[in-house]
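>>> Give me the fold of what follows.
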Amino acid sequence: MSEGEFKAAVQEGNLKKAALIAQKMMKSFGCFHIAVVGNAGSGKSSFVNAFRGLGDDDEGPAEVGVVETTMQPTPYSHPENPNVFLWDFPGIGTPNFPSAKFELTVACYKYDFFIIITDTHFKDIHASLAQKIREQKKKFYFVCSKVDKDLDAGRRKKIYSEARILQQIRDDCKTHLQRAGVNDPQVFLLSNWQSDKHDFPLLKETLEKVLPYHDTRQKLLNISNQTLQEKKEAMKKTTWKPAILSGGLAAIPLPGLSLVADIAIMVDCMRDYCKDFGLNSESLAALAKQVGKREEDLKAVIKSPLATEITIDLVLTLLSNAAGGGVKYLSFLGKNFIPVLGSLISAHVSFGATMIMLDNFIRDLAEDTQRVLAKALGEEEKKSK
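Numbers count the residues shown, from 1 in each chain. Purely as a prediction, here's the structure:
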C-alpha cells in the first residue's frame, strides 16, 4: 500500500478503500510498547483499565486489588490500535520486582515509552526511574493518579478551589522532580475513576503524538486535504453546465418551468456530488464497518446535508438564499420550508443562484469528507481551512 493508492481512493470517493490503505500503512511500523511503572498501590492497573475505557469489574481488565496483584509485566492492547501495548508492571521496589530487575528490564527489553505513576507525591525513587529510562534514550511522562483524594480533602476546608489545589499539586510534583535532577518534567494530574476530567484527556492527546503511527496518519490526512482541495476546484469548473441549463430554461416563458427545472437539476447534482465524495449512506456504512466505528459518529461531523436529506423543499429554500452569498444548512434542515419564489423567475438570478449553490455545496462536501476521514482514522476533528 502506498500514498499514491491512498490519494487515488480519496479522489475516487472510495472512503472505505482509503481507510483500509491508511490502516495498513499506520500498522506497518510494528509494535509499540508503553510500560506503566510505579510503586505498589499507585494505581497502575486501574490506570491501564481507565485508559482502555474499562472498569475494574469489566471483562478483560488488568487485575486490581488492595494488595499487590501484578506479579510480572503484563501487556494489554491499546483501545484503538492493536499494535500498541500498555504493560502493567509490578510495584517497583517490591520483592517481586526489585529496582535492579527494573533497571535490567529497561536496558534489555523493547519498551519504547514509560508512564511513571504515583498515587500521592513523587519521590526519589520516581526520579531515579526517570534517570534510568533517560540513560536508555527513551522518553516518559509522570502521572499522579489519585488527585480526587486531594480534592476531596480540600472540600472539607472552608475555602475550596479545585484549580488552586491542582496547581499546588502540579507545582509540588515538578519542584521535587527538578530537585532530584529531572529537568522540565511533564506531569499529568488525573483520577483513574474519571477518565474525562482533569489531565486525562490531555494525556491521551499528548501520548497519541509520540506513537509511531501519528506521523503517518497526519501525513495521510495532509494528502487527503490536498487531494480534496484539488477535487473541489476541478468540480467547481463544471458547475456552469447545470447553471446554464437552469438559466436557459428560466428564459422560456412557461409558468413554473424554471422553478421545476432548477429543482430537478439541483437535487440531482447535489445527490451526485455526495456520492462522488463518498458521503452517501452506503459509502459511510462501509467506512464505519472498516474502521470499527459507529456510522452515527461519522455522520455527526458532517455539516452539509446527506443525499437522503436533499429534498425539493431544501433546494427551493437554498436557491432562494444562494443569491445572498452563503448557505447555512443547519438553519434549514428539519424545518418547514416557505420558499421565496419571486427571485427565481429571472434567467440571470437562476444562473447565479445555481452557480453559487453548487460551488458552496462542493466546498462544504470537501470539508466534510476531510472531517469524516479524520474521525475514521482516529484524529480529533479540526477546523478545515
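
>>> CA only for contacts and neighbour counts going forward, please
Fine.

>>> Listing request: residues of the stretch 51-200 of the chain with sub-threshold pLDDT.
Along the stretch 51-200 of the chain, the parts satisfying pLDDT under 70 run over 55-71, 93-109.

>>> Next, the buried residues of stretch 272-283.
Under the neighbour-count criterion of 16 or more other CA atoms under 10 Å, stretch 272-283 has 273-281, 283 buried.

>>> what's the helix ranked longest in the chain packed up against?
Using DSSP state H to define each element, the chain has its longest helix at helix 347-376. When contacts are defined as 3 or more CA pairs under 8 Å, 6 or more residues apart in numbering; DSSP states H and E, helix 347-376 packs onto helix 15-26, helix 212-236, helix 240-250, helix 257-277, helix 281-291, helix 295-299, helix 312-322.

>>> What angle do helix 281-291 and it make with each other?
20 degrees (axes from the mean of the first three to the mean of the last three CA atoms, to 10 degrees).

>>> what's the domain layout of the chain?
31-198, 226-376 (automatic domain parsing).

>>> hmm, back to that, can you state the direction angle for the longest helix of the chain and helix 212-236?
Here the directions of helix 347-376 and helix 212-236 differ by 170 degrees (the same axes, to 10 degrees).

>>> quick one: helix 347-376 to chain centroid distance?
Centroid separation for helix 347-376 versus its chain: 24 Å, with CA atoms, centre = their mean, to the nearest Å.

>>> could you give the angle of that helix to helix 15-26?
Per the same axes, to 10 degrees, the angle that helix 347-376 makes with helix 15-26 is 40 degrees.

>>> and helix 347-376, average pLDDT?
Taken as a whole, helix 347-376 has a mean pLDDT of 81.

>>> and if you look at stretch 283-294?
Average pLDDT, stretch 283-294: 92.

>>> Show me what counts as buried in that stretch.
Neighbour-count burial for stretch 283-294, with 16+ other CA under 10 Å as criterion, is recorded at 283-288, 290-291, 293.

>>> Report the two of those residues separated the most.
For the buried residues of stretch 283-294, with distances taken as CA to CA, the pair at the greatest spread is Ser283 and Lys293 (13.5 Å).

>>> Dump stretch 113-130 to PDB, keeping only the CA atoms.
Provided in PDB are the C-alpha atoms of stretch 113-130 (Å, rounded to 0.1, in the frame of the first residue of the first chain):
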ATOM      1  CA  PHE A 113       7.900   4.600  26.300                       C
ATOM      2  CA  PHE A 114       7.200   4.900  30.000                       C
ATOM      3  CA  ILE A 115       4.500   6.300  32.200                       C
ATOM      4  CA  ILE A 116       5.700   6.700  35.800                       C
ATOM      5  CA  ILE A 117       2.800   6.700  38.200                       C
ATOM      6  CA  THR A 118       2.400   7.800  41.800                       C
ATOM      7  CA  ASP A 119      -0.800   8.000  44.000                       C
ATOM      8  CA  THR A 120       0.500  10.800  46.200                       C
ATOM      9  CA  HIS A 121       3.600  12.800  45.500                       C
ATOM     10  CA  PHE A 122       6.700  11.900  43.500                       C
ATOM     11  CA  LYS A 123       9.700  10.700  45.500                       C
ATOM     12  CA  ASP A 124      13.300  10.000  44.900                       C
ATOM     13  CA  ILE A 125      12.500   6.500  43.500                       C
ATOM     14  CA  HIS A 126      10.400   8.100  40.700                       C
ATOM     15  CA  ALA A 127      13.200  10.500  39.800                       C
ATOM     16  CA  SER A 128      15.600   7.500  39.800                       C
ATOM     17  CA  LEU A 129      13.300   5.600  37.500                       C
ATOM     18  CA  ALA A 130      13.300   8.600  35.200                       C
END
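
>>> quick one on the thing from earlier: pick out the shakiest of the helices and strands packed on helix 347-376, pLDDT-wise.
For those, the stretch scoring lowest in mean pLDDT is helix 240-250; its value is a mean of 56.

>>> Which strands and helices lie in contact with the helix or strand hosting Ile34?
In the assignment (DSSP states H and E), Ile34 maps to strand 32-38. On a contact count with 3+ CA pairs under 8 Å, 6+ apart, strand 32-38 meets helix 44-51, strand 84-88, strand 113-118.

>>> I would like the residues contacting the second one, please.
Right, the one you point to is strand 84-88. Residues outside strand 84-88 that contact it (CA atoms under 8 Å, 6 or more residues apart in numbering): 31-37, 44-45, 48, 62, 70, 73-78.

>>> That strand relative to helix 44-51, how many degrees between them?
Going by the same axes, to 10 degrees, strand 84-88 is angled at 150 degrees with respect to helix 44-51.

>>> Can you name the residues that contact Val37?
With contact taken as CA under 8 Å, 6+ apart, Val37 is in contact with 44, 88-92, 114-117.

>>> Just among those residues, which is most surrounded?
Lys44 (32 neighbours; other CA atoms under 10 Å).

>>> re the thing from before, which one of the buried residues of stretch 283-294 is nearest Lys137?
The nearest member of the buried residues of stretch 283-294 to Lys137, counting by CA to CA, is Val291 at 34.1 Å.

>>> Okay then, goodbye and thanks.
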